[in-house]
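[1] sequence-free structure coming up:
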């Protein structure tokens, strides 16, 4: 996914929360958001501290999952975007799942 503009902090937070509607690894989040490792670390620390994300152990891997507080923020943020007419939903609202990414890359090699 290419970004044509510089995203603000709130947009990046919303993107991370959307991605984490299903438990995701740090690597997957980083690739989807196009953030550097250190920038993603800062955002994850903030989101974990606010209890908007929860770190869980799934499939012997650390994954991040949105909490009810994070979902409440995301809902309000989306509502605000609609009210202002700036955007209808976060940039990554249609994030591909790891299975879809694999299927897409298979099609490209065929």
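    Ah, there it is. In this text the structure is predicted, and so the values were computed from the model without any measurement.

[2] give me the pLDDT for the residue minimising distance to the centre of the chain.
    For the chain, the residue whose C-alpha lies nearest the mean C-alpha position (C-alpha atoms, centre = their mean) is residue 16; its distance is 2.3 Å. Per-residue pLDDT puts residue 16 at 97.

[3] that's a helix at it, yeah?
    Yes: counting by DSSP: H, G, I helix; E, B strand; the rest coil, residue 16 is part of a helix.

[4] show me what counts as buried in whichever strand or helix holds residue 40.
    Assigned by DSSP states H and E, residue 40 falls within helix 37-49. Residues 40, 43, 44, 47 are the ones in helix 37-49 that count as buried (16 or more other C-beta atoms under 10 Å). For the C-beta atoms, the positions are set from N, CA and C on the backbone; glycine is no exception.

[5] with pLDDT and distance to residue 53 added, can I get those in CSV?
    Converted to CSV, the buried residues of helix 37-49 look like this (pLDDT from 0 to 100; distance: C-beta to C-beta, whole Å):
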residue, pLDDT, distance to residue 53
40, 97, 12
43, 97, 9
44, 97, 7
47, 97, 4
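
[6] thank you, goodbye.
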